[in-house]
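Undergrad: Quick one, structure for this:
(one chain, ligands or ions: 1)
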Amino acid sequence: MTPERAAMALSEHGMKITVVGSGYVGLVAAACFADMGHEIISVDNDASKTAMLQRGDIPIHEQHLPELLARHRDRSIRFSSSLPDAVRGSDAIFIAVGTPQSGDGQADLSYVESVARELARAVNGYKLIVEKSTVPVFTHDWIRKVMLLNGASADSFQVASNPEFLREGTAVTDFLYPDRIVIGVDSPRAGNILREIYAPLTSGAYYSHANPVPAPDNACVPPPLIETSAKSAELIKHASNAFLALKISFVNAVANMCEFVGADVRQVCNGIGADTRIGPRFLNPGIGYGGSCFPKDLMAFRAVARECGYEFRLLDEVININEDQRHRFLRKVRKALWTLRGKRLAVLGLSFKGGTDDVRESPAIAVVEMLLKEGSEIRVYDPAAMDRAREVLLVSGVTYAQSAYDAAAEADALLILTDWAEFAALDLDRLHAALAYPIVIDGRNLYDPDIMAAHGFLYYSVGRPDVQPAMQRVIAAQS
Ligand code: UGA
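TA: Numbering: from 1, shown residues only. The predicted structure follows:
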C-alpha cells in the first residue's frame, strides 16, 4: 500500500473516541488511537493533570509518547475534564482509570463504578463502553448494571472488554505492534465497532502510512484480532499476567537451585527456552517482579478465584517466591560484605524495571529500604526514577548521584537493582577505579561473570557461580 492510500485508509476508519483516565494505559491508548487516525478526547477528573497535558507537558516517562502527543495535540487529540461533553460526541468510550489494590487484595473498582454512573447520565444515543483497565471477570456486567440503575436505557449502550497488554517503557510500540488484539464482545454490533477501531492495525494500513512509529524486532504485522466473550477477555488479561509472573517466579526458583548445586542459570535457561513450547522470553532471573501490574493483578486474580469458591494456590507460591527473592538478595549482599552497618553502598536503579520512571512496588526500592534498616549508607543513581523515589524513600541515609560513576565513587560495593540498558554498558575500568573495593552484586545479571573476573571484580549475581578472583589479583588491579 502506498503511503497516500494508507493515509486515506486511516481517515476512512477514523472514529470518535473518548478515553477516560490519562494514566499509563489511558494516555498511551489516546496517543496511539490518534496516530491510527481516530479523533480522541482524553478525559481526566484531575484538573491539574489535564491542564498539564493541555500545556504540552507529559506526566510519565515513555518512549515515543512525546512525539505522538506533539503530533496530535489540539488536532486529533484534545484533553478535557468534562466527561459528559466528551461522551456526547463519541462513538466509543474506553475506560482506563485506575483499579488499585484494596486492603483484602481485591481490585478496588470504585473509580470504574463512578465513571459508569457518570456515563449513564451522559449517553445520548448508542455508545460502546469498553473496559481497557485491568479488571476482574464480571466487571463488564457490573458496569452495565450500574448504568441501567442510573437511568441509561438498555438500547443506548453496550459494554465490551478490550484488555491491554502494553508494558511500561515500551508501551507505545506494544500498543501499535501488539502480539494480538483481544476484543471481548457479546453482540455483533459491539464487535463491528471494535474491529473498525483496530482496522488501521489489522488491515496493515497504519504500518504503510508515511510516518508510523518504528517497528520493534519480531513485530507481528499485521496483528491477529481474537474475538471472545467479554467474560473470556477479562480472564485472558488476568491469566496472561499471572502466567508471566509465574514464569518469572519459576525461573527465580530454578536460579536458586542453580546456586545450591553450582550450575549456571544462563545455560539452564538457554536449554529450557530453546523448546518452542516454552520460549526464551521472560526467563531472566533477578530480584523479582514489581510494578503496578503483576503484584496487584496476582492478588486480584487470587481474590476473584476465592470468591468463586476456588483456592488458586499456585498463585500463592508465585507471590511467595517473588517476595523471598529480595530477601535472598539481601543475604547475598551480606555474604559478600559480611557486615552492613556503616557500609557505603552504591545502588544502580530504583524503578521496577529499566526504561521507566515508575517505582510502584519496585523490588529495588524494597531492597534499598532493607539495607537502610541494616544501617548501610546508600548513594543511588537512576536515569529516570529519582524524583519519584524521593517521594517514597522518606528515610534518611540515601543520597542521590549524578551518574553511575558518581554513585560508585569511594563506595564499599556496587549493587545493580534495575535492568537499565546503560547499566549494562558501563566502562568497567572506570567503575573499578571509582569504587573503594571492586565488589559488584548484580541483582539483574547484566554482566558476564568472566568479563567481570577479567576486570578484577568480585562479582556476585543471581543463579550463577560467584566470581572471586584471587585476592592478590584484585589488590594488584586496584593499585
Ligand atoms: C506487565 C505485562 O508484561 C504487560 O503485558 C501488561 O500489559 C502489564 O503488566 C499490565 O498489566 O499493564 P509491566 O508491568 O510494564 O507489564 O512490566 P514487565 O516488563 O512485564 O515487567 C514486570 C516485572 O517483571 C519487572 O519488575 C521486571 O523487572 C520483571 N521481570 C520481567 C523479571 O524479573 N524477569 C523477566 O524475565 C521479565
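
Undergrad: residues from this structure in reach of the ligand?
TA: The interface of the chain toward the ligand, taken as CB under 6 Å from any ligand atom, is made up of 134, 164-168, 241, 244, 248, 282-284, 286, 289-291, 293-294, 352-353. All C-beta spots, glycine's among them, are computed from the backbone N, C-alpha and C.

Undergrad: Sketch out the strands for this protein, chain order is fine.
TA: Remark: strands of the chain, listed N- to C-terminal, are 16-20, 39-43, 77-80, 92-95, 127-131, 157-161, 181-184, 225-228, 344-348, 377-381, 398-400, 413-416, 439-442, 458-460; assignment by DSSP state E.

Undergrad: mind putting those strands in JSON lines, mean pLDDT and mean neighbour count included?
TA: Rendered in JSON lines, the data for those read as follows (pLDDT from 0 to 100; neighbours: other CB atoms under 10 Å):
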{"stretch": "strand 16-20", "mean pLDDT": "98", "mean neighbour count": "25"}
{"stretch": "strand 39-43", "mean pLDDT": "97", "mean neighbour count": "25"}
{"stretch": "strand 77-80", "mean pLDDT": "96", "mean neighbour count": "20"}
{"stretch": "strand 92-95", "mean pLDDT": "98", "mean neighbour count": "25"}
{"stretch": "strand 127-131", "mean pLDDT": "98", "mean neighbour count": "26"}
{"stretch": "strand 157-161", "mean pLDDT": "98", "mean neighbour count": "25"}
{"stretch": "strand 181-184", "mean pLDDT": "98", "mean neighbour count": "23"}
{"stretch": "strand 225-228", "mean pLDDT": "98", "mean neighbour count": "15"}
{"stretch": "strand 344-348", "mean pLDDT": "98", "mean neighbour count": "25"}
{"stretch": "strand 377-381", "mean pLDDT": "98", "mean neighbour count": "22"}
{"stretch": "strand 398-400", "mean pLDDT": "96", "mean neighbour count": "17"}
{"stretch": "strand 413-416", "mean pLDDT": "98", "mean neighbour count": "26"}
{"stretch": "strand 439-442", "mean pLDDT": "98", "mean neighbour count": "25"}
{"stretch": "strand 458-460", "mean pLDDT": "97", "mean neighbour count": "24"}
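
Undergrad: Now A96. Nearest residue, chain neighbours left out?
TA: Computed as CB to CB, 6 or more residues apart in numbering, the closest residue to A96 that is not its neighbour in sequence is G26, at 3.4 Å.

Undergrad: I would like the residues contacting stretch 258-266, please.
TA: Residues from elsewhere that reach stretch 258-266 (CB atoms under 8 Å, 6 or more residues apart in numbering): 251, 254-255, 257, 268, 285, 445, 462-465.

Undergrad: Okay, F294 and A171: tell me how far apart.
TA: According to CB to CB, to the nearest Å, F294 stands 15 Å off from A171.

Undergrad: Number of residues surrounding the closest residue to Q325 other than its chain neighbours?
TA: Spatial nearest neighbour of Q325, chain neighbours left out: G288 (3.8 Å); criterion: CB to CB, 6+ apart. Number of residues near G288 (other CB atoms under 10 Å) recorded here: 28.

Undergrad: Which residues are in contact with G288?
TA: Per CB under 8 Å, 6+ apart, neighbours of G288: 248-249, 252, 321-323, 325-326, 363.

Undergrad: The closest residue to L244 other than its chain neighbours: how many residues sit nearby?
TA: Leaving aside its sequence neighbours, L244 sits nearest to F282 (CB to CB, 6+ apart; 5.7 Å). Residues lying near F282 (other CB under 10 Å) number 16.

Undergrad: on that earlier part again, pretty sure the residue nearest to A96 sits against I93.
TA: No. With contact defined as CB atoms under 8 Å, G26 does not count as touching I93 (11.5 Å).

Undergrad: Mind pulling up the pLDDT for the residue nearest to Q325?
TA: G288 is assigned a predicted lDDT (pLDDT) of 98.

Undergrad: And the one 5 residues further on, by the same measure?
TA: The predicted local distance difference test score for C293 is 94.

Undergrad: What separation do you get for it and K335?
TA: C293 sits 32 Å away from K335, taking CB to CB as the criterion.

Undergrad: cool, and L176?
TA: Distance of L176 to K335, computed by CB to CB: 45 Å.

Undergrad: the more surrounded of those two?
TA: In this view L176 and K335 are compared by other CB under 10 Å, and L176 has more residues nearby, 28 against 11.

Undergrad: where exactly do the helices run in the stretch 351-479 of the chain?
TA: Secondary structure of the stretch 351-479 of the chain (DSSP state H, counting those that start in this stretch): helices at 363-373, 386-392, 404-408, 428-434, 449-454, 471-478.

Undergrad: contacting residues for R388?
TA: For R388, the contact set (CB under 8 Å, 6+ apart) comprises 350-351, 357-359.

Undergrad: Actually, H64.
TA: Listed by CB under 8 Å, 6+ apart, the contact partners of H64 are 172-173, 213.
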